[in-house]
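S.K.: Return a 3D structure for these sequence lines:
(4 chains)
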4 protein chains.
Amino acid sequence: MRKITIGVMGPGENAIASDLENAYKLGQLIAAQGWILLTGGRNVGVMDAASKGAKAAGGLTVGILPTKNLEAVSEAVDIAIVTDMGNARNNINVLSCDAIVACGMGAGTASEVALALKNGKSVVLLTHTQESIQFFTSLCQERIFVADNVETAIALVKAILRKSV
Amino acid sequence: MRKITIGVMGPGENAIASDLENAYKLGQLIAAQGWILLTGGRNVGVMDAASKGAKAAGGLTVGILPTKNLEAVSEAVDIAIVTDMGNARNNINVLSCDAIVACGMGAGTASEVALALKNGKSVVLLTHTQESIQFFTSLCQERIFVADNVETAIALVKAILRKSV
Amino acid sequence: MRKITIGVMGPGENAIASDLENAYKLGQLIAAQGWILLTGGRNVGVMDAASKGAKAAGGLTVGILPTKNLEAVSEAVDIAIVTDMGNARNNINVLSCDAIVACGMGAGTASEVALALKNGKSVVLLTHTQESIQFFTSLCQERIFVADNVETAIALVKAILRKSV
Amino acid sequence: MRKITIGVMGPGENAIASDLENAYKLGQLIAAQGWILLTGGRNVGVMDAASKGAKAAGGLTVGILPTKNLEAVSEAVDIAIVTDMGNARNNINVLSCDAIVACGMGAGTASEVALALKNGKSVVLLTHTQESIQFFTSLCQERIFVADNVETAIALVKAILRKSV
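M.R.: Okay, the predicted model is just below:
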C-alpha cells in the first residue's frame, strides 16, 4: 500500500548553510515519522542534504532526477526516477507528495511552490523572506503555511496530513 | 527560418477584465511586429484574449495545450500543440519563447515566471502587484522587467530581444 | 482557426538516402495541400529533409525539439517548440497531428508509431520492411496504412482526414 | 544508495490471463532478488499483477502513474510517482530501470520497448509473438532478449545486469 510521501524542495548549487542544515534535519524527522522523503534527487544542495538526513535516520528516499541518467544522483537516494525532463520534472515532484516543505528559495523552488498550489497541494515555507511569504500567501492563503524552524515545519506537515485524510 | 516568438501568459478562468483587455492589446501589438504569439492555448482567459487580439491583427498564433485533445482549444489558435502534460507544459511554454509577458497573476502564471527565470529567460510583469514584483525581483533582478501598460511591455520586449541577439 | 497538421516522423542521423528523398517530397506535397508540417525539428535526417521540402513549396513548418534550446534546430523550421524532454517529446509529436507518416524506421520512429496507435491516431508506414508492417498491423489493423511511394502516402493521409471529420 | 530497479511493462485492461500469471511470478522473483519492481502503477493488468506478486514476496514496488492523482493506483504500489503526463510517462518508466521485461504486448508496451531501445536500455520480450520478436530484433539485435518463461526472463535480466556493471 502506498506510503505517505513528503517532499523537501529547495536550492541546489545555491543553497546556503542554514538551508542545508534545515534540510538535513527535515530528512531525519521525516524518516523518523515513517514517511518517505521525496526530493529532486541530485547530489547537491537541499535535495542532497535532506536525503542524507533521512538515510541517517533509517528512512527511504526517492529522487526525481531532471537528467537522462544517474550521473548526478545523490548517494543518499534509494529510488531514482530518471525523467530526462529538465525543470518540467518539478511538476512531478509536487504531484507525488502529500505535502511539500520549501526549504530555502530560488527560481526552481519558486516554480515548485507555484505548481504545488496550482495542483491543489499544501506547502510549508521554511525560513522564507517576507517577499516570498507575502507573494505566495497572496496567491493562495489557505494552502501556504509558514515555519521558522524545522520542528514547526513538521508540525504543520502533520496538520496538512490530518486535513487531507 | 525560425520566427521570433513572444509568450503571453496569464490566468485562465480567473482572469479579471483588465487582464483580458491588456491581453487582447498585447496580441494585436505582437502580431503587428511580425512576431508569433505563443500562449497556453485554451479557450479562456488571457490565452484566449491574446490569441484573438493577434488574429485580429493578422498574426500567427501557437497554443501549447495541457490537455490530450483539442476540446478546449481557443478558436483563435492556428497551431495547437497537444501535450497531455497538465501543468508540466508550462515549462515548454517558456522554453519556446524569446521573451515572456506575464499579464495578470495566479499560481499557474507564477510557475511560468519562475520556470522562465530558471531557464534563463526574461519576463515582463504587466500590471502586477507589489508582492509579485518584489518577489520575482528578489529571485532575479536582471531578468525581471516591470510595465504598467501594454505599450511599455512591448517596448521592454524589444529591449530584451535586442539584448539577446 | 486551427490548421490541419500532418506529422512526418523518421530517423535522424541514421536516415538512408531514400528516406531523405521521400521526406523532402512529403514535405512538398504536404505544403501544397495547405497543411502544416510537424516534425521532430532537428537539423538532421527525415525531420530536416521534410521541413526543407515544405519550405521549398511555401509551407509552414513546426518542429518539436527534444532539446532545451535551439542549437540543433533545422533551418527550415518556422515555429520551434522547445521541450527539453528528450524522447518523451515523441508523445507530443503524435498528439499534435491529424495524421502521421512514418518515413523510414528506427527505435525513435517505432516509439512514435506505437504512441500514435496508443493515442488513437492513424499512421501511414512509407516503404517499411515486412517486419514493421506485420508488427504494427498486429497491434492495430484499422489504423495502420501501408504505402510504397509518397503519392500513395498522401492519398492515404487524405482518406484518414476524411474519416476523422 | 540507489537500489537495482527492474521494470515490468505490459498491457493494462487488455492483458490476457497468461500475461497476468507471468507478471505475478515476475514480481515475486524480482522481489526475491532484492530488486525494486517498477511498473506503470495502475490497478489493472500486468502492472497490477506484477506489483501484487512483488508484495507477496516482501518486495518494494514503484508505480509511475500517467494520471494526475492516485485514483487508479494499484493497491500493491508502495511508492507512487504521479506524473499527469499520459503516455509520455512511458519514457520515464524505461529510463528509471536497469532492465525491462515486456510481459505481453500492446501499443503502450510497444512504445516502451522502442523507447527503451532508443535510450540504450536492454529489454527481455517474454512470450512475444514472432511479429514482435522479429520487429524489435530488426531494430536493435544486441539489446533485445527473448524468453518463453519467467525463469528464463529472470536469468536474462541477471545477464543484462552483469554486462552493465
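S.K.: Run a quick check on A:S74 versus A:G40, I expect a contact.
M.R.: No. Taking C-beta atoms under 8 Å as the definition, A:S74 is not a contact partner of A:G40, at 9.1 Å. Every residue, glycine included, has its C-beta placed from N, CA and C.
S.K.: tell me, what's touching the two both at once?
M.R.: Among the neighbours of A:S74, those also in contact with A:G40 (C-beta atoms under 8 Å, 6 or more residues apart in numbering or on different chains) are A:47, A:63.
S.K.: List, one by one, the residues from chain A near chain C.
M.R.: Residues of chain A lying near chain C by C-beta under 8 Å from any C-beta of the partner chain: A:68, A:83-88.
S.K.: Strands along chain A, start to end?
M.R.: Taking DSSP state E, the strands of chain A run over residues A:5-9, A:36-39, A:61-65, A:79-82, A:99-103, A:123-126, A:144-147.
S.K.: Send me the second one as CSV with only the CA atoms.
M.R.: In other words, strand A:36-39. Backbone C-alpha positions of strand A:36-39 (Å, rounded to 0.1, in the frame of the first residue of the first chain) are rendered in CSV as follows:
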residue,chain,number,x,y,z
ILE,A,36,9.0,8.6,2.5
LEU,A,37,11.2,11.5,1.6
LEU,A,38,10.9,12.8,-2.0
THR,A,39,13.4,15.3,-3.5
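S.K.: now it, how far from the chain's geometric center?
M.R.: Distance, stretch centre to chain centre, for strand A:36-39: 7 Å (C-alpha atoms, centre = their mean, to the nearest Å).
S.K.: And for the fifth one?
M.R.: Strand A:99-103 sits 4 Å away from the centroid of its parent chain (C-alpha atoms, centre = their mean).
S.K.: And the fourth one, by the same measure?
M.R.: Using C-alpha atoms, centre = their mean, we find the averaged C-alpha position of strand A:79-82 to lie 15 Å away from the chain's own average C-alpha position.
S.K.: Give the pairing partners of it; include direction for each.
M.R.: strand A:61-65 (parallel) (DSSP bridges).
S.K.: Please enumerate residues in contact with the partner strand?
M.R.: Defining contact as C-beta under 8 Å, 6+ apart, one finds that strand A:61-65 is touched by A:5, A:27, A:36-42, A:47, A:51, A:54-55, A:72-74, A:76-83, A:89, A:92-93, A:96, D:79, D:81.
S.K.: Kindly recompute the last result at 7 Å.
M.R.: A:36-42, A:47, A:51, A:54-55, A:73-74, A:76-83, A:89, A:92-93, D:79 (C-beta atoms under 7 Å, 6 or more residues apart in numbering or on different chains).
S.K.: Next: stretch A:133-146.
M.R.: For stretch A:133-146, using C-beta under 7 Å, 6+ apart, the contacting residues are A:113, A:117, A:122-125, A:156, B:106-107, B:110, B:129, B:131-132, B:135.
S.K.: And A:K68, how close does it get to B:V113?
M.R.: Distance of A:K68 to B:V113, given as C-beta to C-beta, to the nearest Å: 27 Å.
S.K.: Of the two, give the one with the bigger neighbour count.
M.R.: B:V113 (30 against 17; other C-beta atoms under 10 Å in any protein chain shown).
S.K.: How about the contacts made by the residue nearest the centre of chain A?
M.R.: What sits nearest the mean C-alpha location of chain A, by C-alpha atoms, centre = their mean, is A:V8, with 1.4 Å. Neighbouring residues of A:V8 by C-beta under 7 Å, 6+ apart: A:23, A:26-27, A:37, A:39, A:46, A:50, A:101, A:103.
S.K.: Who wins on neighbours among the residues you listed?
M.R.: Ranking these using other C-beta under 10 Å puts A:A50 first, with 37 neighbours.
S.K.: pretty sure that one contacts A:L38?
M.R.: No. Look at A:A50 against A:L38 with C-beta atoms under 7 Å: they stay out of range, at 9.4 Å.
S.K.: Drop anything exposed from the contacts of stretch A:133-146.
M.R.: Neighbour-count burial (16 or more other C-beta atoms under 10 Å in any protein chain shown) applied to the contacts of stretch A:133-146 gives A:113, A:117, A:122-125, A:156, B:106-107, B:110, B:131-132, B:135.
S.K.: Out of these, which sit inside helices?
M.R.: Among the buried ones among the contacts of stretch A:133-146, DSSP state H puts A:113, A:117, A:156, B:107, B:110, B:131-132, B:135 in helices.
S.K.: Show me which residues of chain A sit near chain B.
M.R.: Within chain A, the residues that sit near chain B (C-beta under 7 Å from any C-beta of the partner chain) are A:86-88, A:91, A:106-108, A:110-111, A:114-115, A:117-119, A:129, A:131-132, A:134-135, A:138-140.
S.K.: The same query, at a cut-off of 8 Å, please.
M.R.: A:85-92, A:105-108, A:110-111, A:114-115, A:117-119, A:129, A:131-132, A:134-135, A:138-140.
S.K.: Out of those, which end up buried?
M.R.: A:85-92, A:105-108, A:110-111, A:114-115, A:117-119, A:131-132, A:134-135, A:138-140.
S.K.: got the strands of chain A as JSON lines, with mean pLDDT and distance to D:G63 columns?
M.R.: Listed next are the strands of chain A as JSON lines, based on pLDDT from 0 to 100; distance: least, C-beta to C-beta, whole Å:
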{"stretch": "strand A:5-9", "mean pLDDT": "98", "distance to D:G63": "12"}
{"stretch": "strand A:36-39", "mean pLDDT": "98", "distance to D:G63": "13"}
{"stretch": "strand A:61-65", "mean pLDDT": "98", "distance to D:G63": "12"}
{"stretch": "strand A:79-82", "mean pLDDT": "98", "distance to D:G63": "11"}
{"stretch": "strand A:99-103", "mean pLDDT": "98", "distance to D:G63": "20"}
{"stretch": "strand A:123-126", "mean pLDDT": "98", "distance to D:G63": "24"}
{"stretch": "strand A:144-147", "mean pLDDT": "98", "distance to D:G63": "29"}
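S.K.: what about A:A99, distance to chain B?
M.R.: 16 Å (C-beta to the nearest C-beta, to the nearest Å).
S.K.: nearest residue to that residue other than its sequence neighbours?
M.R.: A:I160 (4.3 Å; C-beta to C-beta, 6 or more residues apart in numbering or on different chains).
S.K.: Could you report the neighbour count for A:N14?
M.R.: With other C-beta under 10 Å as criterion, A:N14 counts 16.
S.K.: Check what pLDDT the closest residue to it other than its chain neighbours gets.
M.R.: Closest residue in space to A:N14, ignoring its immediate chain neighbours: A:G106 at 5.6 Å, by C-beta to C-beta, 6+ apart. At A:G106, the predicted lDDT confidence score is 96.
S.K.: residue contacts, the spatially closest residue to the residue nearest to the centre of chain A that is not a sequence neighbour?
M.R.: With C-beta to C-beta, 6+ apart as the criterion, A:V8 has its nearest non-adjacent residue at 4.1 Å, and that residue is A:A50. Listed by C-beta under 8 Å, 6+ apart, the contact partners of A:A50 are A:8, A:10, A:23-24, A:26-27, A:30, A:37, A:39, A:103.
S.K.: any weak-confidence spans in chain A?
M.R.: A:165 (pLDDT under 70).
S.K.: how about the residues of it near chain D?
M.R.: A:1-3, A:5, A:36, A:60, A:62, A:64, A:68-70, A:73, A:75-85, A:91-92, A:95-96, A:119.
S.K.: What's the local residue count around A:M1?
M.R.: For A:M1, using other C-beta under 10 Å, the count is 10.
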